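Visitor: I would like the atomic coordinates for the input below:
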Amino acid sequence: MKLHITIVSLFTFVSFAFGQTSVKKADQFFNALAYKEAAKAYEVSIEKGNESQQVLERLGDSYFFNTDMQSAYKWYDRLVSKYTDSIKPEYLFRYAHSLQGLGQHKTAKKWMKKFAMASKNEDIRVENYSQQKITIEDVLKLPEQFNLFNLSINTPLSDFGASYYGNRVVFASSNTTSKDSEEKYAWNKQPYLNLYVGSSNFDETDILESVEFSKEINSRYHEATVAFMPGLKKMFFTRNNYVKSLATDSEGVNHLKLYSAEIINNNNLEKWGNIKELPFNSDDYSVGHPTLNADGTKLYFASDMPGSIGATDIFVVDVLKDGNFSNPQNLGPMVNTSGREMFPFITDKALYFASDGHLGLGGLDVFESVKKENTFNKPQNLGAPLNSVLDDFAFVIDESESRGYISSNRKGGKGDDDIYSFERTDIEMVQCEQSIRGFVSNTITGERIFNAQVMLRDKKTNEILKVRTDINGKYAFDFIADCDTDYKVEVGKKGYKPKEKKFKTEDVSGETIVPIGIETLDKLIVEEAGVLKIKIGIIYFNLDKSFIRNDAEIELNKVVLLMSQFPKMEIKIESHTDARSNDAYNLSLSDRRAKSTKKYIVSQGIKASRIISAKGYGETRLINQCENGVKCSERDHQLNRRSEFVIVKM
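Guide: Prediction:
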């Protein structure tokens, strides 16, 4: 499940209730937006025989709001089956959306029609769906015009909402240590969001060297989505209703607010300060996700304030010369629906925003509404691969370079929400491309394997390219692969069983990651620091002696058996002592032990030529701290009295 706190419901994503009521535990979790716990509690209630309409509604919602469409579908399906005659229109809509999230577009279309009938065509989403000149099939067939790249800054937690900051990028992330580690957001048990800033790489496909944006801006609660005035001396940002303490509405819910901040000079150091909340905020509704036009005279944002058409709408205010603002103006039914419109981004060309009220592929999709004079044209879905069956949002673009960023919780990401960079290409030139990379590891120990050969083959088994893994076991092919295409990799390494793995590249431009696990030829063969060794029990010698004891023969017979199974194997024998006795004596003693070990193995039928060397190293290669003069236990000293069998050739 991809749980993303940022967009499931714009203004419940950072809202949380304080205190408890006398309702059931599940309802307490649900009202506090702790949807993971709520889902578990509702399922326990169902196991005990309570399948009331409200329980099924809220159980479906608990998964729907966390974008687990598979689970949401399961419970909405039971809801519509059991309470067919009394189901609310909104749940028909959500049921249809869960179907879209699973890619069942034809079935979803059928339920959208039932939603239209149940709502008596009074819901504006009905008009958006029923009067569209294009169908969901048409959206699926839209020409691809975006190439996406998952960013290196993404983490298993939530990362989203990139904003331009000159030639840098500011974004929000839960991957933070600066907030109190004990405090976690109830919705997803992740740390609260902080703002970070990073630099783009040379081709603007990645964000590098990210650091905390501002200790003055980041608080102990959520900060996200920012917009900067021309000159970068003033900014607007989204935060919980928090300055020195949290403020809530009459039901104990903490909403979002927009704040401004300015660069101030303090002891010749510039930092962000003079933080103020904007005058159209309220404790009773949420305001967030700002974007400014090029000259900073208009501020667009999302809100569920009075006058909203749907769950959340996009509004605009004039930014006056004296620093004040006009009254908020709803962008109207051409843009806003009864669903959710949020994350606006304005350019001289168009308004971009995320919506689940317009015809889309599932969840939130990004739409483009081209500006014509002072009005916006009918929004157009930007299609796959920019949009997916899950939530796609926080779209920003540099129109002059046709590059930008989008956030998504789509499958194949690194974690919760991920930020993707994109290139927008002329439709005629769009080509879906994939890069292929991965890593090779030991299936038993998990250790990454250095210098393994990895070969890429096409579906017809033709060799395309060979590479070797680096010190971290990673590999990457300098090859542009086709999207949604079958390939195969083959891995080989001395001492390991050959391995091949078939895979299919992703169906959107970006990269396909292929991890590969390989096994050693025998359980006695291990790799330590890139060197293959035969790992047997400790070869014990009597004190100051070098003859092979009976218990040592048992272990050495394992080496004999392995070398018999692999007749081309060649080894080196390395013997070591502890630090007791003088250095010269230990060197001589270990050398005698190494040669005694070789003599025994040869006596068991192994050719002497297969033992390249048998050498003693005395106390020169201790594996612990037990050096001369250091007091150690007998057990610690014994660890240094060892023989090692290094595989030179297989």
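
Visitor: downstream neighbour of the lowest-mean-pLDDT helix or strand in the chain in the secondary structure list?
Guide: In the chain, the helix or strand scored least confidently by mean pLDDT, DSSP states H and E is helix 124-130, which has a mean of 56. Next helix or strand after helix 124-130 toward the C-terminus (DSSP states H and E): helix 136-140.

Visitor: helices or strands next to that next one in the packing?
Guide: Under the contact criterion of 3 or more CB pairs under 8 Å, 6 or more residues apart in numbering; DSSP states H and E, helix 136-140 touches helix 105-118. Using the backbone N, CA and C atoms, a C-beta is placed for each residue, glycine as well.

Visitor: redo that, cut-off 6 Å
Guide: Judged by 3 or more CB pairs under 6 Å, 6 or more residues apart in numbering; DSSP states H and E, helix 136-140 is in contact with no other helix or strand.

Visitor: Mind listing residues that contact that helix?
Guide: With contact meaning CB atoms under 6 Å, 6 or more residues apart in numbering, helix 136-140 is reached by 105, 381.

Visitor: ok now it, how far from the chain's centre?
Guide: Centre-to-centre, helix 136-140 and its host chain are 28 Å apart (CA atoms, centre = their mean, to the nearest Å).

Visitor: Equivalent analysis for stretch 165-172, please.
Guide: The answer for stretch 165-172 is 20 Å, by CA atoms, centre = their mean.

Visitor: buried ones in that stretch?
Guide: By neighbour count on 16 or more other CB atoms under 10 Å, the buried set for stretch 165-172 is 165, 168-172.

Visitor: Quick check: the farthest pair among these?
Guide: Within these, 168 and 172 form the most distant pair, 14.7 Å apart (CB to CB).

Visitor: Give the next helix or strand downstream of the host helix or strand of residue 597.
Guide: Per DSSP H and E, residue 597 falls inside helix 583-603. Of the helices and strands lying after helix 583-603 in sequence (DSSP H and E), the nearest is strand 611-616.

Visitor: Which residue lies closest in space to residue 274, excluding its sequence neighbours?
Guide: Nearest residue to residue 274 in three dimensions, chain neighbours excluded: residue 262, at 4.6 Å (CB to CB, 6 or more residues apart in numbering).

Visitor: burial count for the one you found?
Guide: Other residues within reach of residue 262, judged by other CB atoms under 10 Å, total 14.

Visitor: do residue 198 as well
Guide: Burial of residue 198 is recorded as 21 neighbouring residues (other CB under 10 Å).

Visitor: what's the answer for residue 220, then?
Guide: So residue 220, with other CB under 10 Å, has 14 neighbours.

Visitor: Offset the numbering so it begins at 39, please.
Guide: Happy to do that; since the first residue is 39 now, the last one works out to residue 258.

Visitor: what helix or strand does it sit in?
Guide: Here residue 258 is assigned to no helix or strand, by DSSP H and E.

Visitor: For residue 280, see how far away it is.
Guide: Look at residue 258 and residue 280: by CB to CB, to the nearest Å, they are 8 Å apart.

Visitor: can I get the buried residues of stretch 203-210 in CSV with distance to residue 657 and secondary structure?
Guide: As requested, these are exported to CSV (distance: CB to CB, whole Å; DSSP: H, G, I helix; E, B strand; the rest coil):
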residue, distance to residue 657, secondary structure
203, 58, strand
206, 55, strand
207, 55, strand
208, 57, strand
209, 54, strand
210, 56, strand
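
Visitor: nearest to residue 155, of those residues?
Guide: Closest approach between those and residue 155, by CB to CB: residue 210, at 40.3 Å.

Visitor: didn't the closest one look like it was pressed against residue 230?
Guide: No - the pair residue 210 / residue 230 is not scored as a contact, 10.0 Å apart, by CB atoms under 6 Å.

Visitor: Could you pull up phi and psi at residue 572?
Guide: Per-residue torsions, residue 572: phi -90, psi 120 (degrees, to the nearest 10).

Visitor: ignore the last one, residue 329
Guide: Per-residue torsions, residue 329: phi -150, psi 140 (degrees, to the nearest 10).

Visitor: give me the number of residues near it?
Guide: Here the number of neighbours of residue 329 (other CB under 10 Å) works out to 25.

Visitor: Would you confirm that it contacts residue 265?
Guide: Yes - between residue 329 and residue 265 there is a contact under CB under 6 Å: 5.1 Å.

Visitor: Three-state assignment for residue 583, please.
Guide: Three-state assignment for residue 583 (DSSP: H, G, I helix; E, B strand; the rest coil): coil.

Visitor: And the pLDDT for it?
Guide: If you check residue 583, the pLDDT there is 76.

Visitor: again with residue 374
Guide: Looking at residue 374, its pLDDT stands at 90.

Visitor: Now for the residue lying closest to it once chain neighbours are set aside: which residues touch it?
Guide: Of all residues not flanking residue 374 in the chain, residue 351 sits nearest, at 4.1 Å (CB to CB, 6+ apart). By CB under 6 Å, 6+ apart, the residues touching residue 351 are 368, 374, 379.

Visitor: now the helices for the stretch 39-188 of the chain?
Guide: Applying DSSP state H, counting those that start in this stretch to the stretch 39-188 of the chain gives helices spanning 63-69, 73-85, 91-102, 107-120, 127-139, 143-156, 162-168, 174-178.

Visitor: So which bits of the first one are buried?
Guide: In this case it means helix 63-69. For helix 63-69, the neighbour count (16+ other CB under 10 Å) marks 64-69 as buried.

Visitor: Centre of the chain to that helix, how far?
Guide: Centre-to-centre, helix 63-69 and its host chain are 28 Å apart (CA atoms, centre = their mean).

Visitor: one step back: pick the one among the contacts of residue 351 closest to residue 80.
Guide: Nearest member of the contacts of residue 351 to residue 80, counting by CB to CB, is residue 379, at 29.3 Å.

Visitor: count of neighbours near the closest one?
Guide: Counted with other CB under 10 Å, residue 379 comes out at 29.

Visitor: Who is residue 206 paired with across the strands?
Guide: Per DSSP bridges, the residues bridged to residue 206 are residue 203, residue 237.

Visitor: Surely it and residue 235 touch.
Guide: Yes - at 5.5 Å, residue 206 counts as touching residue 235 under the criterion of CB under 6 Å.

Visitor: With just CA atoms, put stretch 380-387 into PDB.
Guide: Provided in PDB are the C-alpha atoms of stretch 380-387 (Å, rounded to 0.1, in the frame of the first residue of the first chain):
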ATOM      1  CA  MET A 380      -5.700  21.200  -5.500                       C
ATOM      2  CA  PHE A 381      -2.000  21.900  -6.000                       C
ATOM      3  CA  PRO A 382      -2.400  24.700  -8.500                       C
ATOM      4  CA  PHE A 383       0.600  26.000 -10.500                       C
ATOM      5  CA  ILE A 384       0.300  29.000 -12.800                       C
ATOM      6  CA  THR A 385       2.400  30.100 -15.700                       C
ATOM      7  CA  ASP A 386       2.000  32.600 -18.500                       C
ATOM      8  CA  LYS A 387       0.600  29.800 -20.600                       C
END
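
Visitor: For residue 141, which residues are in contact?
Guide: Taking CB under 6 Å, 6+ apart as the test, what residue 141 contacts is residue 427.

Visitor: And the closest residue in space to residue 330 that isn't next to it in sequence, which helix or strand is it part of?
Guide: For residue 330, ignoring the flanking residues on the chain, the nearest one in space by CB to CB, 6+ apart is residue 265 at 4.7 Å. Taking DSSP H and E as the definition, residue 265 sits inside strand 261-266.

Visitor: How much space separates the spatially closest residue to residue 184 that is not a sequence neighbour from residue 339?
Guide: Once flanking residues are discounted, residue 184 sits nearest to residue 424: 4.3 Å by CB to CB, 6+ apart. Remark: distance between residue 424 and residue 339 (CB to CB) = 23 Å.

Visitor: Of these two, give the one with the bigger neighbour count.
Guide: residue 339 (29 against 26).
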